[in-house]
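Asks: Quick one, what's the 3D model for this:
(one chain, ligands or ions: 2)
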Amino acid sequence: MMLINTPYRGRFAPSPSGPLHLGSLVAAVGSYLQARAESGQWLVRIEDIDPPREVAGAADRILTSLEAHGLLWDEGVEYQSHNSAHYDHHLNWLAQQRLSYYCDCTRKMIQQAGGHYQGHCRERQLAAPYCALRIRNDQPVEQFTDLLQGNIQSDMNFAGEDFIIRRKDGLYAYHLAVVVDDIRQGINHIVRGVDLLQPTACQMLLYKLFNQPIPQYLHLPVVVTQPGMKLSKQNHAPALNDKQASQNITQVLTWLNHSPPAVLQGAPCQEILHWAVNHWQIERLPKTIEIQT
Ligand code: GLU
Ligand code: ZN
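Replies: Numbers count the residues shown, from 1 in each chain. Ligands and ions are numbered 1, 2, ... in the order given. Purely as a prediction, here's the structure:
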């Protein structure tokens, strides 16, 4: 199926595991600018399907920060925690098609078998509760094209795995939730951090199984403080200071090789973003962003 002539719909899909920081602002700004440069829509979806990882108040704080930075979204904000019925519907459909199966393997068993799941439970016909649900991955996505990263060969250890779509604790897996929501919301362009490049193959498999058009992907560089060390909540990237929104936007644009002209120094975010929409070029984007801390 082709996406030509379909109006651009993109999104930013943060997990509320903490406030935004400069690293996550790169993905927010990049997805926003790519959408606006294509005269497209830009949606925001809060990915709150993992309560143990959620930080109270983070979702509201993220939305406040986006607004403070002039990143105004279209339509209402979606919350994955409200979408269980959609996930269940798709899980039921996969089960009916015999495209999923139960698995009771422990992490330890998988570690002992080499660290990647080898389909141990495929034919076991388990039906018990307390099992994870796995996809029957018979047509793995071996390669794909990314608008910035180019041709990607999948790491078959991940792309070929019967990955989990619902966890043993009953929580929906990220791959399932993100694809079900992106399909339902008509998202046809996905711009996000390059840390999600390899998972893309698993997500593309789900699109194929659901018989849906695959979106176009653009994976932005993530900010690293040294090779392999991502700037993230886990390594204590400070929360965005909304009072310095204009400086933050300028910083992110500079990292993305779209440094605004000096006359826009200290200008309101909306003005800087307006300039950036008009000057946005994928060809200018860097493949890596390494900063000194
Ligand atoms: N919620 C995911 C994250 O914050 C991003 C999902 C996506 O953009 O596909 O890492
Ligand atoms: Zn198993």
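Asks: wait, doesn't Gln41 sit right on Gln34?
Replies: No - between Gln41 and Gln34 there is no contact under Cβ atoms under 8 Å: 11.7 Å. (C-beta placed from N, C-alpha, C; glycine too.)
Asks: Please say which of those two ends up with more neighbours.
Replies: A side-by-side neighbour count of Gln41 and Gln34, using other Cβ atoms under 10 Å, places Gln34 first with 25 against 19.
Asks: Using PDB, write out the CA atom coordinates for whichever strand or helix holds the more buried one.
Replies: Element membership for Gln34 (DSSP states H and E) is helix 22-37. Extracted in PDB, the C-alpha atoms of helix 22-37 (Å, rounded to 0.1, in the frame of the first residue of the first chain):
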ATOM      1  CA  LEU A  22      17.300  18.400  26.500                       C
ATOM      2  CA  GLY A  23      17.700  14.900  25.000                       C
ATOM      3  CA  SER A  24      14.000  14.200  24.700                       C
ATOM      4  CA  LEU A  25      13.400  17.800  23.500                       C
ATOM      5  CA  VAL A  26      15.500  16.800  20.400                       C
ATOM      6  CA  ALA A  27      12.800  14.200  19.500                       C
ATOM      7  CA  ALA A  28      10.000  16.600  20.200                       C
ATOM      8  CA  VAL A  29      11.400  19.400  18.100                       C
ATOM      9  CA  GLY A  30      12.500  17.100  15.300                       C
ATOM     10  CA  SER A  31       9.200  15.400  15.000                       C
ATOM     11  CA  TYR A  32       7.400  18.700  15.200                       C
ATOM     12  CA  LEU A  33       9.500  20.400  12.600                       C
ATOM     13  CA  GLN A  34       9.400  17.500  10.200                       C
ATOM     14  CA  ALA A  35       5.600  17.500  10.500                       C
ATOM     15  CA  ARG A  36       5.200  21.300  10.100                       C
ATOM     16  CA  ALA A  37       7.700  21.500   7.200                       C
END
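Asks: Report all helices and strands that that helix contacts.
Replies: Applying 3 or more Cβ pairs under 8 Å, 6 or more residues apart in numbering; DSSP states H and E, we find helix 22-37 packed against strand 9-12, strand 41-46, strand 189-193, strand 216-220, strand 223-226, helix 245-255, helix 269-279.
Asks: Would you give the sheet partners of the first one, along with the direction of each?
Replies: Pairing partners of strand 9-12, with direction, according to DSSP bridges: strand 41-46 (parallel).
Asks: Name the residues of the stretch 101-250 of the chain found near ligand 2, please.
Replies: Neighbours of ligand 2 within the stretch 101-250 of the chain, by Cβ under 5 Å from the ion: Cys103, Cys105, His120, Cys121.
Asks: was I right about the last one contacting Thr106?
Replies: No - in this structure, Cys121 is not within contact of Thr106 by Cβ under 8 Å, at 11.6 Å.
Asks: ok, back up a step: may I ask which two of the residues of the stretch 101-250 of the chain next to ligand 2 are separated the most?
Replies: Cys103 and His120 (7.2 Å; Cβ to Cβ).
Asks: higher neighbour count, these two?
Replies: Each of Cys103 and His120 has its neighbours counted (other Cβ under 10 Å); Cys103 has more, 22 against 15.
Asks: I appreciate the help and will end here.
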